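Participant: I'd like to go over a predicted model; first the sequence, then the structure.
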Amino acid sequence: MSQSETDIFKEEIYNQCLAILNTKEQEFKTEIANLRDGIANDSKSSMGDKYETSREMMQQEINRLEQQLAANRQQIFNLKAVQLHSKNEQIIAGDIVNTSIGSFFISISLGEIKVANQAVFVISPASPLGKLLIGKKNGDQFEMNKNKIEILNVH
C-alpha cells in the first residue's frame with residue numbers, strides 16, 4: 001500500500017469511527033428527549049405511588065443515558081485529538097498497526113469495524129493490547145496471553 005493509499009485508508013477509518021460516534025450521540029439525545037416528554041406528559045392518576053415510581057424510573061434512565069452521552073462525547077474529543085499523519089518510528093495513537101493477529105487502529109475503544117472490506121479493530125492506547133503496542137516498531141515481537149504477536153507493519 002502506498003503512502004497516499006494508507007493515508008486515505010486511515011482517513012476512512014477515522015471518518016467511520018466519527019460517524020459511529022455521531023450516530024450514537026443522536027440516539028442518546030433522542031432517547032433522552034423521549035423520556036423527558038414521557039415524564040412531562042405523564043398525567044398524575046389516582047394511583048399516586050405508581051406514578052411517582054414510574055417517573056423516578058424514567059429519571060434514572062435519563063441520568064444513565066446522560067452519562068453514556070458524556071462518555072460518547074469524550075470519545076469524540078479523544079478521536080479528534082488523534083494525529084493521523086505523523087511519521088514516527090515508534091507506534092503512537094493514530095497509527096494503523098498490522099500484526100500477526102490482525103489490524104489495529106490505535107485511537108479510541110470502539111471494537112471491530114469494516115473499512116474497504118477489511119476488518120480493523122479500533123482500540124485505545126490505554127487498552128491492554130494498546131499499552132503493549134505503544135512504543136513498539138515495525139518487526140518487533142511481544143507476548144500477550146501466552147501468544148506471540150509480531151508487528152508486520154505500521155502506518
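Facilitator: Great, that's in hand.
Participant: show me what the one helix or strand residue 148 maps to is in contact with.
Facilitator: Assigned by DSSP states H and E, residue 148 belongs to strand 147-154. Strand 147-154 is contacted from outside by 91, 95-101, 132-133, 136-143, using CB atoms under 8 Å, 6 or more residues apart in numbering. Glycine gets a C-beta too; all of them are placed from N, C-alpha and C.
Participant: now do residue 73 against residue 147, distance only.
Facilitator: Taking CB to CB, to the nearest Å as the measure, residue 73 falls 35 Å from residue 147.
Participant: neighbour-wise, which of these two wins?
Facilitator: Using other CB atoms under 10 Å as the criterion, residue 73 and residue 147 rank with residue 73 on top: 14 against 9.
Participant: wait, that one sits on residue 24?
Facilitator: No: counting by CB atoms under 8 Å, residue 73 stays clear of residue 24, with 9.9 Å between them.
Participant: any shared contact partners between the two?
Facilitator: Common neighbours of residue 73 and residue 24, counting by CB under 8 Å, 6+ apart, are absent.
Participant: what does stretch 20-40 contact?
Facilitator: Under the contact criterion CB under 8 Å, 6+ apart, stretch 20-40 has outside partners 55, 58-59, 61-62, 65-66, 68-69, 72-73, 75-76, 79, 110, 113.
Participant: just how off-centre is stretch 3-14 within its chain?
Facilitator: Its chain's average C-alpha position is 18 Å from that of stretch 3-14, according to CA atoms, centre = their mean, to the nearest Å.
Participant: stretch 82-102 now?
Facilitator: The chain centre lies 16 Å from the centre of stretch 82-102; the measure is CA atoms, centre = their mean.
Participant: tell me the secondary structure for the closest residue to residue 135 other than its chain neighbours?
Facilitator: Nearest non-adjacent residue to residue 135, counting by CB to CB, 6 or more residues apart in numbering: residue 90, 5.1 Å away. Using DSSP: H, G, I helix; E, B strand; the rest coil, the structure places residue 90 in coil.
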